[in-house]
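[1] this one's sequence-less:
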């Protein structure tokens, strides 16, 4: 598998990791959709499934090369390298764009999801009453989740571990946004903003030789939360990948129809025209989290008026569709070259 991977493929794999990392951080967008459309979803699930008991035996016995090859290490390392870089760079840019150009960013994502539905559905021919039923269930779950209200923040470490397990669902299950689930669980800011910023600040403190953060109770608590969250995420990745690998092998048509349903249902989450509803206290004042950000309660979606802003948003929707079609064309060219 690795011998046929050219330098160009490796560069594009890192870029795909950047895309997955950015998508995973955006509420309503699933990194798994990027993997599915870019054509490496099954290899991703297969590689994660190889992180099992046999792999750990190879690692414990010091057979590092065998361990690396067994888990398809070059593929996973390039992909996760892209995700990590994305977490501290692309996702920062994305945060800025969402803050200042929210409508247009959501329009691009909306278009990408429409393009993803087309991409996955165009080659799927096994429609029958079972697959139509799972399609309907997937759509219902996706729409139902999008209208739930967020819970309160909870930094209990067992709950944080559970959040880690749930958050990676967006990487392994296309259409199921892990970051949006974290919003519903009340821990999006804690786990994807505060703890990441704590790690970022600690990294630069270490470079400067400043170890005073050890006396900072808030910082050390955030680092502990991030460590537990990461452990939960790894556990979730391995667990979900094994379950999904089995399901894809034995119930592929039903699984794909459910994935299409999830993605269709997620359109409600990324609908560009929505007004944010913030939580208020009993006095009608805005509630703020520890970062000084207003706490989101839900979103109210509406139909847009026909004006220049709306026309620009529609253009960006087509840009999103074009991005997915470009990924499809690249995947076809890559397939022909390997063949």
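    On my side now, so go ahead. Quick caveat, the model's predicted, so the values are computed rather than measured.
[2] going forward, measure contacts between C-alpha atoms and count neighbours the same way
    Noted.
[3] Could you pull up the residues touching residue 18?
    Contact analysis of residue 18 by Cα atoms under 8 Å, 6 or more residues apart in numbering lists 79, 82, 83, 84, 85, 86, 90.
[4] so how far is residue 61 from it?
    33 Å (Cα to Cα, to the nearest Å).
[5] repeat for residue 77
    From residue 77 across to residue 61, the span is 21 Å (Cα to Cα).
[6] Please identify which of the two sits among more neighbours.
    Taking neighbours as other Cα atoms under 10 Å, residue 77 and residue 61 compare with residue 77 leading, 15 against 9.
[7] packing partners for the top helix by length along the chain?
    For the chain, the helix with the greatest residue count under DSSP state H is helix 217-250. Secondary-structure packing of helix 217-250 (3 or more Cα pairs under 8 Å, 6 or more residues apart in numbering; DSSP states H and E): helix 41-49, helix 157-167, helix 169-172, helix 195-207.
[8] Show the average pLDDT along the shortest one.
    For helix 169-172, the per-residue pLDDT values average out at 71.
[9] Ranking helices and strands of this protein by mean pLDDT, which lands last?
    When each helix and strand of the chain is scored by mean pLDDT, DSSP states H and E, strand 296-301 comes last, with a mean of 66.
[10] And stretch 211-221, what's buried?
    219, 220 (16 or more other Cα atoms under 10 Å).
[11] gap between the two ends of that stretch?
    End-to-end distance (Cα to Cα), stretch 211-221: 15 Å.
[12] Let me see the mean pLDDT of that stretch.
    Taken as a whole, stretch 211-221 has an average pLDDT of 83.
[13] Name the surrounding residues that touch stretch 112-126.
    Against stretch 112-126 from outside (Cα under 8 Å, 6+ apart): 33, 36-37, 253, 260, 263-264, 267, 317, 320-325, 328.
[14] And it, what's buried?
    Using 16+ other Cα under 10 Å as the test for burial, stretch 112-126 gives 112, 113, 114, 115, 116, 117, 118, 119, 120.
[15] Please apply the same query to stretch 129-149.
    Within stretch 129-149, the residues that count as buried by 16+ other Cα under 10 Å are 131-143, 145-146.
[16] Give me the distance from it to the chain's centre.
    Put simply, stretch 129-149 sits 19 Å off its chain's centre (Cα atoms, centre = their mean, to the nearest Å).
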